[in-house]
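# Okay, predicted coordinates and the sequence, questions at the end:
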Amino acid sequence: MLRPSLDDVYKNLGEIDLISTDVFDTLLLRRGTSQRSRIAAGETRFARLLKEKGLFVEKAELVRCRLLAQKFAYRALNMGGGVGEVQLSDIICRQLQLLGLPDDLVGERIAIELSVEKTALRANAWLAALLRQFREAGIRIVAVSDTALSAAELTVLINHFHGPGLIDRVYSSADAQASKRYGALFAAMLENESVAPSRVLHIGDDDIADFRMPASMGLRTLHLPKSRLERYASRLDGAKTEAISRLGRQPWRNVPPPPTLSDKVLFGRDVFGPIVAEFCLYIWLYAAQARLGHDTALLFCARGGIGIREAFERVVQKLGLPLDLKRDNIQISRLVAARSAVVLRSPAVLDELGREFQGGSFADVARALGGRAYELPDTWRHIFDPARFFALLDTDAGRDVLDDIRKQNALFARHLEQISAGAQRIILCDTGFYGSTQRLLSAGFPQQRFETIQFARCNYKGLSEDHFPRVAGLVVEQNLYNPFKPETVILRYWQIIESLFEPALSSVRHFSETAEGAVVSNAGDIRFGAVDPSAGNPLLTGALQYIEQVETGGQVLQDAGRAWLRLKQAIINPSPSDVVALDVGARSVDFGRSDLVQVLNHSQKVALAAKLMSVKSHLWREGAIARDFPRFKPPLLAALEMAHVLRGVSARLYR
């Protein structure tokens, strides 16, 4: 795309009625300081202010809560398609609510923010002089910025460096709830200024927001990108600040001792309690932003979402976190979602079926999707081939199967409509990994917008990641274990997270209609309060006990840092008590099948070589080694850890 120069602007000056300029890194220049270091400087001042008021909060706590509030606000904004905008006042308000601080401190914290910005910015004197020349030529000048600051706050900064009178009006994305990057803020400016796009010149540094998007809308552009040196300086400053903050946190101190042998409740309280509560805080931060500017519903997926919902509601209530957002539990499973994709003949469902029923027959797939056994020709007993499945459904023999799939999907569609109340934005909440439910529902209901927030996101299936922009792993987003990120240890033993949240209920397989016209499923009544997900689940019982005694979000985040280190130790180098506490027994294969798989297979009296070979068959290999090879445990676990590390290094090298 052709990028006009300043000479081009002068040549066509008579055709320009309005000049819009970006603010940060254009009209106001950074002094090589990163956003992270500016936040750290602001929170240092804020901690002093709080101390003067008799409120004692460590700077590190303030920084972490601020960064989390900001991170999940922008994640929710981007997952929602960029509709709306993040406001600094909301970010700070959520930061204060996490820490149990009064909301009336928001104004003082924003004043600190502006004060820090005044020390971190400098005037772009060259551009200001150019704009004054244009003003003398009778051209109106406005500022247009994608920012969390309001127009009034931007005006304070512009006037501080350039004096009053340079800018006729300021357009802030935070005020307009519309951004340059998606074009809506430019549209609002054009309407308010009553000017044609071709009569506007926009000046800015960002390739998308200040050049490609306005150019695509017909605006003239003058692109002034930051130099490579300026970008490197900012990144270096941010990395330095992050390194200092990590050293300051030192979560490896005061790691709780191993729980008493076989006491799962105690392990759940001391280890999973902070981890679960932290996850719930992340859900709240995401949902608090997502509810703005949308008719939004937060739906917790059966089965894992039922346990998540129980913990989430308790955290929200215990910490007094406001959330005016429709939420409900949804009768859903991968099988249910797959039916919707089959009805619309989406290729996405063939990937999933091919993986789930590898080695199975067409009849096995028909029985799962249709919900009953069928009298089918011999062709259906052949090994399942995804490429032939849709054609078989169109045969006479497949018609009954397809009719059942359609009926089941119609009942689910009614259920979805009832619990979402026609919401435009549907946020699914589940445990994770790949987001198959999200992928299949989006294929089966293309007229609706689904997004999914999960504990973790990982492409362990090696399938398409096209749906990943709408799937967020709030705690982990990584395909492989990283020894320097303790939370990625769950990739070594994911079944423990699934077991932690899932109640003792059947997976949703089929729907029916009551005499009153209500849609129900085989899983029964899963509405919030109707099921106790902690019944028979000592780990979740303990986690809920922790939530009941917690006082602030800051405490949760501190405890979680230590809890993750303890969980990592328990998974990759388990003691005998850890093996007892974390052995979750059998897990269901699911997808319409009743098969079960043991996490730790029963120990057998066989030769040492055969027993070593059998380690691969365990879902939790470290637990199997600790149980079956106590004498050889250290070298075997060290070798397994090294194998995981080398696998991660290899993946990064060849990515």
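Great, that's in hand. Residues are numbered from 1 along each chain as shown.

# any idea how this structure splits into domains?
Domain assignment for the chain, taken from automatic domain parsing, gives 6-31+122-227, 263-334+414-565, 345-409, 577-653.

# and those as a markdown table, adding mean neighbour count and distance to Ile39?
(C-beta placed from N, C-alpha, C; glycine too.) Below are these laid out as a markdown table (neighbours: other CB atoms under 10 Å; distance: least, CB to CB, whole Å):
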| stretch | mean neighbour count | distance to Ile39 |
| --- | --- | --- |
| domain 6-31+122-227 | 18 | 12 |
| domain 263-334+414-565 | 20 | 16 |
| domain 345-409 | 17 | 40 |
| domain 577-653 | 15 | 29 |
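
# can you put the ones you listed in JSON lines and add distance to Arg75 and mean pLDDT?
Formatted as JSON lines, those follow (distance: least, CB to CB, whole Å; pLDDT from 0 to 100):
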{"stretch": "domain 6-31+122-227", "distance to Arg75": "14", "mean pLDDT": "93"}
{"stretch": "domain 263-334+414-565", "distance to Arg75": "6", "mean pLDDT": "94"}
{"stretch": "domain 345-409", "distance to Arg75": "24", "mean pLDDT": "94"}
{"stretch": "domain 577-653", "distance to Arg75": "24", "mean pLDDT": "80"}
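
# Out of those domains, which is closest to Glu58?
Glu58 lies closest to domain 263-334+414-565 among the domains of the chain, at 8.2 Å (CB to CB).

# so how far is Tyr182 from the spatially most central residue of the chain?
Closest to where the C-alpha atoms of the chain average out (CA atoms, centre = their mean) is Ala472, at 2.9 Å. The gap separating Ala472 from Tyr182 is 19 Å, by CB to CB, to the nearest Å.

# Kindly report the same for Glu477.
23 Å.

# Likewise for Asn124?
Separation of Asn124 from Tyr182 (CB to CB) stands at 26 Å.

# cool, and Ile332?
Counting by CB to CB - Ile332 and Tyr182 are separated by 30 Å.

# ok so Gly359 is a strand residue?
No: applying DSSP: H, G, I helix; E, B strand; the rest coil, one finds Gly359 to be coil, outside a strand.

# Hmm, it is touching Val365, no?
No: taking contacts as CB atoms under 8 Å, Gly359 lies outside contact range of Val365: 11.7 Å.

# shared neighbours of those two, anything?
Residues touching both Gly359 and Val365 by CB atoms under 8 Å, 6 or more residues apart in numbering: Phe384.

# Could I get the contacting residues of His294?
With CB under 8 Å, 6+ apart as the criterion, the residues that contact His294 are 80, 83-84, 423-425.

# quick one: which of these is nearest to Asn537?
Of these, the one sitting nearest to Asn537 (CB to CB) turns out to be Ala423, at 30.4 Å.

# quick one, what contacts the closest residue to that closest one other than its chain neighbours?
Of all residues beyond its chain neighbours, the one nearest Ala423 is Ala297 (3.7 Å), with distances taken as CB to CB, 6 or more residues apart in numbering. By CB under 8 Å, 6+ apart, the residues touching Ala297 are 325-328, 419-421, 423, 425-427.

# The same query, at a cut-off of 10 Å, please.
The contact partners of Ala297, taken as CB atoms under 10 Å, 6 or more residues apart in numbering, are 291, 325-328, 330, 416, 419-428.

# how near is it to Ala128?
48 Å.

# His467 too?
Distance from His467 to Ala128, by CB to CB: 46 Å.

# again with Asp466
45 Å.

# counting contacts, what elements does the longest strand seen in the chain pack onto?
Determined from DSSP state E, the single longest strand within the chain is strand 449-457. On a contact count with 3 or more CB pairs under 10 Å, 6 or more residues apart in numbering; DSSP states H and E, strand 449-457 meets helix 59-79, helix 273-290, strand 296-301, helix 304-319, strand 425-430, helix 436-444, strand 471-477, helix 495-501.
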